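Peer 1: What follows is a predicted structure for the sequence shown.
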Amino acid sequence: MVAGVCAGIAEYFGIDPVIVRVVAVGLVFAAGAGLLAYVAAWLLVPDRDDDPGVRPGRTATVVGAVALVAAFVSLSSVWRGNFGGWHWTGPFVSLVFIGLAGLGIWYLASGEAPSAGGARDVLRRAGFGLALLAVCAILALGGAWATAAGGGAIVAGAVIVAGVWLVAAAFVGGARWLILPALALALPAGVVSAANVSVDGGVGDREYRPLAANQVRDAYRLGMGRLVVDLRDADLPVGDHRMKVDLGVGQAVLVVPRDVCVASAAHVGAGQVAVLGRGSGGVDVDWQDDRRARAGTTRLVVDGDIGVGELAVTYEDPDTFEQGHGRRAAPGNAACIGGSRG
Amino acid sequence: MGSRRPDTPSLVAGLAIVVFGAVLLLDHTGALDLRFSAFAPLVCALIGAILLASGLVRRD
């Protein structure tokens, strides 16, 4: 279309360029995947007259440099203690991740510059790539689950062993094929660690409706799923009641009576906090909403620890409460001094 | 008898992955608290270093 990518691909596979162009246009409407693939191919596939050994190396250099710049920019916000910088660095780095993932698979899985070949060669490469991706998927899921289940040390040890293996193999010819599986094991485990996700509390939906104050627990815990604690019938007496909510992945909903003042603090690895119409979202969310109750009223002090998902406190029925609705709800907490203004 | 030059991408990737694994281990033991604000640029640096090493090696 612009850079002759479609024609080049058609020539490579020995098919009509019109077919490739139609597929490319169709992929543009698949969340822009076609555009990304087109740009990647434009950058990666060497020109007809180029030395095929030069272009991929230069492209990898540029991409690597961009990644390091992104890392530096993002780290600088951490050094300044300005985590709010993630409002713009977060999406930027995410886009870099997506681009790097696509380019990385190309380089690491093939290990060779684009070159012509017969149908058998193409099938062989495709089969190898699919098998490698399947192994990587298994490693990624297994590593993430093992880390969430408390086996983080074992997974970290396996990552270190893979790294040492790569270093040793570098002196006897290299083992580049191991890079991708090692990353597949390491990165999801890192995400789970960064989000502090734990599935120790079990998996599934849990709903608690205590009918008296003495049935209210000090802590509610769930590994993965939806946790609902409905306190409307608990009839909490005047005074402070502290409650810990620990959720690995999913949504935790606390339903409180309107005459209860709610003070809350929470850490969310990735997701949001929504407390009676107020809230915050993003990655590494540290929420603090310290409230004092009016005289003669009940105060619920919530301490949340959410890996990935949402912590919501609402007056609504949990069956009708939807994810994300809490932050759009009308401000509440009228039982606190200062009401919704805090 | 000539000495074989190490494969740079494997060497760099190996070292970077060892560092990454060490960070995960330290986080698990509680020696540090890994968060997304540090994890994301760490991943960028990891992948960037590997791609740079791959790019700097001329393909035969």
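Peer 2: Thanks, I have the structure now. Everything numeric here is computed off the predicted structure, so don't read it as measured data. Residues are numbered from 1 along each chain as shown, chains lettered A, B, ... in the order given.
Peer 1: okay, CA-based contacts and neighbour counts for the rest of this
Peer 2: Fine.
Peer 1: excluding its backbone neighbours, what's nearest residue A:267?
Peer 2: Leaving aside its sequence neighbours, residue A:267 sits nearest to residue A:286 (C-alpha to C-alpha, 6 or more residues apart in numbering or on different chains; 4.6 Å).
Peer 1: Average pLDDT for the strand or helix carrying residue A:133, rounded please.
Peer 2: Per DSSP states H and E: residue A:133 is located in helix A:119-146. Averaging pLDDT along helix A:119-146 yields 76.
Peer 1: one step back: shouldn't the residue nearest to residue A:267 be in contact with residue A:264?
Peer 2: No - Residue A:286 is beyond contact range of residue A:264, at 10.8 Å (criterion: C-alpha atoms under 8 Å).
Peer 1: Would you verify that residue A:225 is located in a strand?
Peer 2: Yes - using DSSP: H, G, I helix; E, B strand; the rest coil, the secondary structure at residue A:225 is a strand.
Peer 1: my read: it touches residue A:207, true?
Peer 2: No - using C-alpha under 8 Å as the test, residue A:225 is too far from residue A:207 to be in contact (10.7 Å).
Peer 1: Compare those two (neighbour count), which wins?
Peer 2: residue A:225 (19 against 13; other C-alpha atoms under 10 Å in any protein chain shown).
Peer 1: how much space between that one and residue A:335?
Peer 2: 30 Å (C-alpha to C-alpha, to the nearest Å).
Peer 1: Which residues does stretch A:203-212 contact?
Peer 2: Here stretch A:203-212 makes contact (C-alpha atoms under 8 Å, 6 or more residues apart in numbering or on different chains) with A:216, A:222-231, A:233-236.
Peer 1: Going by neighbour count, which of those residues are buried?
Peer 2: A:216, A:222-231, A:234-236 (16 or more other C-alpha atoms under 10 Å in any protein chain shown).
Peer 1: Out of these, which comes closest to residue A:134?
Peer 2: Nearest to residue A:134, judged by C-alpha to C-alpha, of the buried ones among the contacts of stretch A:203-212 is residue A:224 at 24.4 Å.
Peer 1: In contact with residue A:202, which residues?
Peer 2: A:222-224.
Peer 1: what about 6 Å?
Peer 2: Counting by C-alpha atoms under 6 Å, 6 or more residues apart in numbering or on different chains, residue A:202 makes contact with A:222-223.
Peer 1: Quick check, pLDDT for it.
Peer 2: pLDDT at residue A:202 comes out at 84.
Peer 1: And it, how close does it get to residue B:29?
Peer 2: 22 Å.
Peer 1: now do residue A:304
Peer 2: Relative to residue B:29, and taking C-alpha to C-alpha, residue A:304 is found at 22 Å.
Peer 1: Specify which residue of these two has the higher count of neighbours.
Peer 2: Neighbour tally, residue A:304 and residue B:29, criterion other C-alpha under 10 Å: the higher count belongs to residue A:304, 26 against 12.
Peer 1: Please identify the helix or strand for that one.
Peer 2: strand A:298-314.
Peer 1: ok, and what's touching that strand?
Peer 2: In contact with strand A:298-314 (C-alpha under 6 Å, 6+ apart) are residues A:195-197, A:238-255, A:260-276, A:293.
Peer 1: quick one, phi/psi of the spatially most central residue of chain B?
Peer 2: The centroid of chain B falls nearest to residue B:16 when counting by C-alpha atoms, centre = their mean (1.6 Å). Residue B:16 adopts backbone torsions of phi -60, psi -40, taken as degrees, to the nearest 10.
Peer 1: try residue A:203
Peer 2: According to degrees, to the nearest 10, residue A:203 has phi -130, psi 140.
Peer 1: So what's the residue count around it?
Peer 2: What residue A:203 shows, counting by other C-alpha under 10 Å, is a neighbour count of 15.
Peer 1: Contacts only, for the residue nearest to it when sequence neighbours are not counted.
Peer 2: Distances taken as C-alpha to C-alpha, 6+ apart place residue A:224 nearest to residue A:203, at 4.7 Å, with adjacent residues excluded. Applying C-alpha under 6 Å, 6+ apart to residue A:224 gives the contacts A:199, A:203, A:248-250.
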